[in-house]
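S.K.: need a 3D model of the sequence below.
(one chain, ligands or ions: 2)
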Amino acid sequence: MRSEDTPLIRLEDYRPSDWLIDTVDLDISLHPTKTRIRSQLGLRPNPAGRPGAPLVLDGDELKLVALRLDGLLIDETAYSASPQQLTLHAPPARRFTLMIDTEVDPSANTKLMGLYLSSHVYCTQCEADGFRRISYFLDRPDVMSVYTVRLEAKKLIAPVLLSNGNLVAAGDVPGGERHFAVWHDPHPKPAYLFALVGGALDVLRQTYVTAEGRSVDLAVYVEPGKADRAGWAMDCLVRCMRWDERVFGRNYDLDVFNVVAVSDFNMGAMENKGLNIFNDKYVLADPLTATDGDYASIEAIIAHEYFHNWTGNRITCRDWFQLCLKEGLTVFRDQEFSADERSRAVKRIADVRTLRTTQFSEDAGPLAHPVRPRAYKEINNFYTPTVYEKGAEVIRMLKLLVGEAAFRAGMDLYFERCDGTAATIEDFLACFAETSGRDLTHFARWYEQAGTPTIVASGRYDAAARSYTLDLAQKTAPTPGQPEKQPVVLPVALGLVGRSGDLPLATDSPAYAGAGLIVLDQPSLSVTFSDVGEPPIPSLLRGFSAPVRLELDLADGDLLRLFSSDSDPFNRWQAWQTVAMRALVEAGREPAQLEALRATGRALAEGLSDFLRDQAPADPAFAAQVLRLPAMGDVAREIGRDVDPDAIQAAHRALSTEIGLRLGPQLLELREKLGGSAPYSPDAASAGRRALRNEALGLIALASPQEGARLCEAQFAAGDNLTDRLAALAAMTLVPGEAREALIARFAKTYAAEPLVLDKWLMAQALIPEASTLDRVRELMQHPAFSMGNPNRIRALIGGFAANLTQFNRTDGTGYAFVAEMVIALDRTNPQVASRLLSSFKSWRMLEPGRRTLAQGRLAQVAATPNLSRDVADIAERTLA
Ligand code: 0A1
Ligand code: ZN
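M.R.: Residues are numbered from 1 along each chain as shown. Ligands and ions are numbered 1, 2, ... in the order given. Sure thing, here's the model as predicted:
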């Protein structure tokens, strides 16, 4: 399909479906190559639709076997069927049933959309438009139906048969070889939430009683032999269910909640009603095969999918333009859950890091789009950091603006008013306008306007008047299709920091909302604070109160004071990052500045030394975040144009090395102090100690490679957990030589039977910033641990390489050529994974001219490839535009 031939779907063209489907009765007989699906649809004309309209059902690579209307065969002239569509030209203008028989081949489904086989397990993925690959349907989220599903399969192959809702019947099929299960889901749902699973799986079970007193059978299903790795996921599930009752007043609404882990999955997980299906990477955990980061991700994703039960399932989206209605809100909810379970400040810092590297980079390039896009060619390309992460930031700002009480009341109203409906952003915002009494029309611009705003701030102290004036202005650079930008509503949380802490804030400015919050909703404004007895240092955007860039010219000395004494922990971290970022940007822009950078490194090390001695031991997780320099991609974006990745890498390494050299003995001592012999526990405090020890290890390895190698080897040998072992491997990858290769080999041997661990091993190698990495990656593609058929393997090795700033952006262009070659190859089997990989090119325009030309050439080559999928064609076209 050529992208120019693909229709553009526009938000403004939305109209209700002409037909509704009240009930869906599915009878599915599972077979690896010939699965039979009988679908009986209870149809009726939609009073809001066009009377007398034909019935046009969606399909995708489908084979129609039989069709009956109210039980009778239909004349062949009354309908037309293709793999993409089934049309009844003149359906009766009343309720009727349509029985559709289709046949599909799960074993041939490499796209992993619809019904497929993952390591012998039958499973489905229907969001956004996969149901149409199972049966012809009105595959749109505003058509909601009550499903009853009968599954049948060979007992030996699929002893476990699951679908949505509650189990209502099960038994053997005469003949003895096959059995069946019938599931009924009383909650009407769109087809994208349908799911089934059939296979030989082990299970971990637990009973949960909701606050309302409903007893729920919880189950986590995993591949045989792995049930002892399901405990953490179950623990997270129970905790997030309680949390949703306590914080949002939401109880679970079925008798069963099933989680299934599969090894072949395009994304992280899927919130199918009562039957969440997960990429096993986000379920399986034990200390030897999962890192602290994995434990935290599992906690977040288990919560995310569970929270969707209310924000996504009970209230779903009217159309796919409203995707952020469920995704942004649910990310916000899972972030809040993790913040409550762990350190709020550290969670915020981690989330902002992710936001900057993934979303800010999207917003700054050719793929920028509003949180609610206005048009799309392929919806699967809009499951983006903008919809998810920026969508969550918008909810966070809304909460800050309306206040805690009106936010909770607004959520309650939303759940009450919109329950059982397919809603819009307007429906959602109306609830908060009502509970807060505020006009949210201007705020709604966050959903329409793409791009990361910049706040330009400066302050003036008037000693005679004892006043401090803050000037704030906002601007947003043009993005594709939006040359002119309007001001948005920006909540700026702030403090004025004096010698002994925060100064009281007194002002009669209407922009000041009280409680340390200025609302900047105009192009610019000034706020004058009175009774300011000393020149303060402004601490702006506390807690990162808005997803923006901040330009505020503070002296390094002032930033270091904020670092040591700001009452807002986020801004303490941010102050430090800003100092480091400045140095990196200067040296990244002008490699001759490397000497100056070393001098800055020495100064920074001095500041860090006190911090590590006095404060790090009390909060190691926070200290670990401080020790980690800004991501190289963020440095590149700050530089903005004519970027030379090698210069950034050199600056990054030089700064880390300098800090490592200066702090060497202290880092060693700190590692000693933090090291305990207690057995591994995944709790946040223990994870924080490991994080700090391992950040220190990375710096030591750069500064003193021999000492580093010794420590890494020892840590690998002694490690009773993957976190420490992987950190040892990662630190070693930066130190070329035999010791590194030996550790790489040893790691592979230790984890030969653990594909998820070997993914990390593949990725660690793909990220090595050396010229030999491309050859290494090509070689690793032949390793038994790698497979082009599994998305996790591809993301680890090829995705890892595409994220390798210096090697993807090699000056000879072979990095681009390799990734383009992989995209084209992969597109034939799995277009979703291929198009995500192609998005790695999104920052090509900010590169220096040589690389820019090479990257553009490879993008053009992809775009010109015949028979591209819609997914890849769409990304190629937009990236080049
Ligand atoms: N709704 C899921 C994300 C998801 C989207 C598309 C998929 O298709 C392959 C799979 C999952 C979530 O937000 O978790
Ligand atoms: Zn989601």
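S.K.: within range of ligand 2, give me the residues from this structure.
M.R.: Within the chain, the residues that sit near ligand 2 (C-beta under 5 Å from the ion) are 327, 330. In this view, the C-beta of every residue, glycine as well, is placed from N, C-alpha and C.
S.K.: gap between M632 and ligand 2?
M.R.: 29 Å (C-beta to the ion, to the nearest Å).
S.K.: can you check G451 too?
M.R.: 24 Å.
S.K.: all helices of the stretch 751-881 of the chain, in order?
M.R.: 755-766, 773-780, 791-794, 800-802, 805-808, 814-827, 831-838, 849-863, 870-880 (DSSP state H, counting those that start in this stretch).
S.K.: in stretch 813-828, what's buried?
M.R.: Neighbour counts using 16 or more other C-beta atoms under 10 Å place 813-820, 822-824, 826-827 of stretch 813-828 among the buried residues.
S.K.: so this structure: which segments form each domain?
M.R.: Following automatic domain parsing, the chain resolves into domains at 19-200, 316-447, 454-541, 548-703, 751-881.
S.K.: next, format these as JSON lines and append distance to G225 and mean pLDDT.
M.R.: JSON lines is the format used below for the domains of the chain (distance: least, C-beta to C-beta, whole Å; pLDDT from 0 to 100):
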{"stretch": "domain 19-200", "distance to G225": "11", "mean pLDDT": "98"}
{"stretch": "domain 316-447", "distance to G225": "29", "mean pLDDT": "98"}
{"stretch": "domain 454-541", "distance to G225": "49", "mean pLDDT": "98"}
{"stretch": "domain 548-703", "distance to G225": "21", "mean pLDDT": "95"}
{"stretch": "domain 751-881", "distance to G225": "11", "mean pLDDT": "98"}
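S.K.: which of the ones you listed sits closest to Y295?
M.R.: Evaluated over the domains of the chain, closeness to Y295 peaks at domain 548-703, with 4.1 Å, by C-beta to C-beta.
S.K.: compute the first-to-last residue distance for that closest one.
M.R.: Terminal residues of domain 548-703 are spaced 35 Å apart (C-alpha to C-alpha, to the nearest Å).
S.K.: try stretch 524-538
M.R.: Stretch 524-538: ends 17 Å apart by C-alpha to C-alpha.
S.K.: start the count at 700, not 1, going forward
M.R.: From this message on, residue numbering opens at 700, which makes the last subject stretch 1223-1237.
S.K.: quick revisit: can you redo the domains of the chain as a markdown table with distance to ligand 1?
M.R.: Below are the domains of the chain laid out as a markdown table (distance: least, C-beta to the nearest ligand atom, whole Å):
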| stretch | distance to ligand 1 |
| --- | --- |
| domain 718-899 | 4 |
| domain 1015-1146 | 5 |
| domain 1153-1240 | 23 |
| domain 1247-1402 | 22 |
| domain 1450-1580 | 6 |
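S.K.: now do the buried residues in stretch 916-936.
M.R.: 917-922, 925-926, 928-929, 931-936.
S.K.: identify the residue spatially nearest to the residue of the stretch 1200-1349 of the chain found nearest ligand 2, adjacent ones excluded.
M.R.: At 18.5 Å from ligand 2, P1246 is the closest residue in the stretch 1200-1349 of the chain, using C-beta to the ion. In space, and not counting its chain neighbours, P1246 is closest to E1092: 4.1 Å by C-beta to C-beta, 6 or more residues apart in numbering.
S.K.: give me the contact list for the helix or strand containing that neighbour.
M.R.: Secondary structure assigned from DSSP states H and E places E1092 in helix 1090-1101. Contacts to helix 1090-1101, defined as C-beta atoms under 8 Å, 6 or more residues apart in numbering, come from residues 1023, 1026-1028, 1030-1031, 1034, 1054, 1070, 1106, 1109, 1131, 1134-1135, 1137, 1139, 1142, 1145-1146, 1188-1190, 1192, 1212, 1216, 1218, 1244-1246.
S.K.: am I right that Q1405 falls within a helix?
M.R.: Yes. Under DSSP: H, G, I helix; E, B strand; the rest coil, Q1405 falls within a helix.
S.K.: now what about whatever helix or strand I1001 lives in, what contacts it?
M.R.: Using DSSP H and E, I1001 falls within helix 991-1006. Applying C-beta under 8 Å, 6+ apart, the external contacts of helix 991-1006 come out as 931-932, 935-936, 938-940, 942-943, 956, 958, 967-970, 975, 977, 980-982, 984, 989, 1029-1030, 1032-1034, 1036-1037, 1040-1041, 1381, 1386, 1389-1390, 1421-1422.
S.K.: for ligand 2, state which of the buried residues of stretch 1512-1527 is nearest.
M.R.: Looking across the buried residues of stretch 1512-1527 and measuring by C-beta to the ion, the closest to ligand 2 is L1525, at 24.1 Å.
S.K.: so which elements touch the helix or strand where D1170 lies?
M.R.: Here D1170 sits within strand 1166-1174, counting by DSSP H and E. In terms of contacts (3 or more C-beta pairs under 8 Å, 6 or more residues apart in numbering; DSSP states H and E), strand 1166-1174 is packed against strand 1153-1161, strand 1189-1197, strand 1216-1219, strand 1223-1228.
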